[in-house]
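Peer 1: Just a sequence and a predicted model for now, questions to come.
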Amino acid sequence: MAAGSAAEAVRLTKLLRPMVTISTERHIAQHVTRGSLTVLSFHGAAGFPGASSASRTRQFVARFLGPVFLAGTCALMGGCWSSGEPGPGPKPAVSDKPPAATVKPISVRLVDEKEFRQALERCRGSAVLVDYWALWCSECMQRFPHTVWLHRQYSDRGLRVVSLSLDDPSDEAQVLKFLTAKGADFDNFISRYGGSTQTIENFGLGDGALPRIELYDRDGKLFKVFSAGSFTDQQVEEAVKELLFKQPAG
């Protein structure tokens, strides 16, 4: 019930209380509903047919004034739970938006395979998602926002996200611009070798097809690989959840 309707219910309760006795020979002529509050108007003679004056009074109170008294009581007590017990007032609205991005500045760093492995080693103890991508890979760019979403959705549950761009190092400014636009506030790197076969071999990227997503468990062991259009965003999320709730060995 809105605050205005609740206040009106209290006022109407006080106003109608004396009318219970003087209106026992009258009956309900009209029910006018305003919001969630029912307002009653009266006219004429006989009240509830076949009932005594006292009985008509009780029926009137039970059938028509009961909701008004309840509304007034709820307003005075600060709200009611579904059980009928007084509650602490209106509950705060629940947002269905994903968690807001952190204030961590977005950056990108040039690395070789050794430096990249050291960065992953520092994530030991967390589940890790690595997104291999490039500006020249249209599917990578389409999927990247989902990687950012996974970071925001599951980082507080133990997920660390890392990205490695296979763009040419000379395109670092464009890579950073894209990462900034997508809100990629996690660890971002560019291969020192660009998109060459040296990157594919030194970083162990199989056939080198992009996009490529690797998941590592909390012990740093490879858990699952998704590669080149053979997977969906939902499959990646399900694997992330499976990894996060995986029981440690031993």
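Peer 2: All right, it came through fine.

Peer 1: and the chain, what are its domains?
Peer 2: Domain ranges of the chain: 3-77, 109-244, per automatic domain parsing.

Peer 1: Could you tell me the least trusted of the ones you listed?
Peer 2: Here the lowest mean pLDDT among those goes to domain 3-77, at a mean of 43.

Peer 1: Wait, a helix at residue 213?
Peer 2: No: using DSSP: H, G, I helix; E, B strand; the rest coil, the assignment for residue 213 is strand, not a helix.

Peer 1: For it, grab the count of nearby residues.
Peer 2: 23 (other Cβ atoms under 10 Å). Where C-beta positions appear, they are placed from N, C-alpha and C, glycine not excepted.

Peer 1: list the contacts for it?
Peer 2: The contact partners of residue 213, by Cβ atoms under 8 Å, 6 or more residues apart in numbering, come to 129, 130, 131, 132, 147, 225, 226, 227, 231, 236.

Peer 1: a markdown table please, covering these and showing neighbour count and distance to residue 243.
Peer 2: Below are the contacts of residue 213 laid out as a markdown table (neighbours: other Cβ atoms under 10 Å; distance: Cβ to Cβ, whole Å):
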| residue | neighbour count | distance to residue 243 |
| --- | --- | --- |
| 129 | 27 | 9 |
| 130 | 24 | 13 |
| 131 | 27 | 15 |
| 132 | 24 | 18 |
| 147 | 23 | 15 |
| 225 | 14 | 13 |
| 226 | 20 | 12 |
| 227 | 17 | 17 |
| 231 | 17 | 15 |
| 236 | 20 | 11 |
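
Peer 1: now, among the residues you listed, which is nearest to residue 171?
Peer 2: residue 132 (15.6 Å; Cβ to Cβ).

Peer 1: Which element is encountered next along the chain beyond the one helix or strand that closest one maps to?
Peer 2: Using DSSP states H and E, residue 132 maps to strand 127-133. Downstream of strand 127-133, the first helix or strand assigned by DSSP H and E is helix 138-154.

Peer 1: Return the set of buried residues in that following helix.
Peer 2: The neighbour-count check on helix 138-154 (16 or more other Cβ atoms under 10 Å) flags 140, 143, 144, 146, 147, 148, 149, 150, 151, 152, 153, 154 as buried.

Peer 1: for stretch 239-247, same thing?
Peer 2: Buried residues in stretch 239-247 (16+ other Cβ under 10 Å): 239, 240, 241, 243.

Peer 1: Next: stretch 192-204.
Peer 2: By neighbour count with 16+ other Cβ under 10 Å, stretch 192-204 contains the buried residues 192, 193, 194, 195, 199, 200, 202, 203.

Peer 1: where does the second one fall, helix, sheet strand or coil?
Peer 2: Same thing as residue 193. coil.

Peer 1: quick one, what contacts it?
Peer 2: Residue 193 touches 112, 199, 202, counting by Cβ under 8 Å, 6+ apart.

Peer 1: how does it look with 6 Å?
Peer 2: residue 199 (Cβ atoms under 6 Å, 6 or more residues apart in numbering).

Peer 1: ok, now how distant is it from residue 123?
Peer 2: 22 Å (Cβ to Cβ, to the nearest Å).

Peer 1: now swap in residue 105 and tell me
Peer 2: 19 Å.

Peer 1: could you pull out the helices for the chain?
Peer 2: 3-16, 19-22, 53-60, 66-77, 113-121, 138-154, 172-182, 197-202, 233-244 (DSSP state H).
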